[in-house]
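Undergrad: fold the stuff below for me.
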Amino acid sequence: MKHSKTIISLSLLCAVFSIFASGCAGKNTVHSIADLDGKTIGVQLDTVGDTYASDINNAEVKRYFDGSDAVKDLADGTLDAVIVDSDPANVYVSENKGVKILDETFSEEQYAVAIKKGNTELEEKINNALCELRDDGTLDALKENWTGENATKKPYDFQYHDAPTGGRLLMSTSSTFPPYEFISDDEVVGFDVDMMKAVCHKINMELVVIDTDFDLVLSNVVKGDTDVAVAGITVTDERLKIVDFSDPYTTATQVVIVRKD
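TA: Numbers count the residues shown, from 1 in each chain. The predicted structure follows:
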């Protein structure tokens, strides 16, 4: 009897060891966008990735406030894939060695500044500033400073010669979207923040960044709690029903992150 219990215990121990040795994640089965049918997909709540995932046949969509949490669950085997914007995807993959980005992407999209409907004066100021920043190469320089091999090596100088006299510009964002906005040394930093600092420099205003959940950034503008929302926000027909948008300041694509084979 004692011998029998020992055999059973050893069998259970071997089974548990086998599970951990093989890893909980399992083999990747998503090699193209078409393979997403019927899979469990992680997305950041209320993003374009959320929209794409919701349109995939028989997919189970799991929504997160922070895309990095979705990628961690992907690596652990809870998800089959994550749909997210390309630049954050590169950051997430660099932080999680067990995942990769598929070569196939969704269509290109445009990021813009969300502004309360009817505020044409502010919209015109921002558009003029963006035009100047695009023409003088500042937008490209800012993007280069936050993406690729040269990230954070060429910071932009935002020093005002005189204190801004045009008042404060309140910007809602969500610091869960690197390299566009994230927390570093207890401060929200990133491409979007620097871009809006440059805009405010042009229009002689002081930028005030208000950090919140992504699903609240547009409603803050609608309610008038903030003047603008900037958080890697793609211009869509649905969003145009509740806010106006500036001219685009950069482009992006949605990509699919999967586990490595």
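Undergrad: which residues in the stretch 1-150 of the chain form helices?
TA: Counting by DSSP state H, counting those that start in this stretch, the stretch 1-150 of the chain has helices at residues 2-22, 48-54, 67-76, 86-95, 120-135, 138-146.
Undergrad: rebuild the ones you listed as CSV, extending it with distance to V193 and mean neighbour count.
TA: Using the backbone N, CA and C atoms, a C-beta is placed for each residue, glycine as well. Listed next are those as CSV, based on distance: least, C-beta to C-beta, whole Å; neighbours: other C-beta atoms under 10 Å:
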stretch, distance to V193, mean neighbour count
helix 2-22, 42, 9
helix 48-54, 21, 21
helix 67-76, 18, 21
helix 86-95, 14, 19
helix 120-135, 14, 16
helix 138-146, 9, 19
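Undergrad: between these, which one is nearest to V222?
TA: helix 120-135 (14.6 Å; C-beta to C-beta).
Undergrad: just checking, what packs against the closest one?
TA: strand 114-116, helix 138-146, helix 191-203 (3 or more C-beta pairs under 8 Å, 6 or more residues apart in numbering; DSSP states H and E).
Undergrad: switch the cut-off to 6 Å
TA: If you count contacts as 3 or more C-beta pairs under 6 Å, 6 or more residues apart in numbering; DSSP states H and E, helix 120-135 packs onto helix 191-203.
Undergrad: ok now the helix it packs on, how far from the chain's centre?
TA: Mean-position distance between helix 191-203 and its chain equals 19 Å (C-alpha atoms, centre = their mean, to the nearest Å).
Undergrad: nearest residue to I183 in space, please, no chain neighbours.
TA: S175 (5.0 Å; C-beta to C-beta, 6 or more residues apart in numbering).
Undergrad: give me the contact list for the lengthiest strand in the chain.
TA: Taking DSSP state E as the criterion, the chain has its longest strand at strand 99-111. Applying C-beta atoms under 6 Å, 6 or more residues apart in numbering, the set of residues contacting strand 99-111 from outside is 32-33, 52, 74-75, 89, 93, 232, 234-235, 248, 250-257, 259-260.
Undergrad: what pLDDT does the residue nearest the centre of the chain get?
TA: The centre of the chain sits closest to F177, judged by C-alpha atoms, centre = their mean, with a distance of 3.6 Å. With respect to pLDDT, F177 has a value of 96.
Undergrad: got the confidence number for the residue nearest to it when sequence neighbours are not counted?
TA: Excluding the flanking residues, the one nearest F177 by C-beta to C-beta, 6+ apart is G232, at 5.0 Å. G232 carries a pLDDT value of 97.
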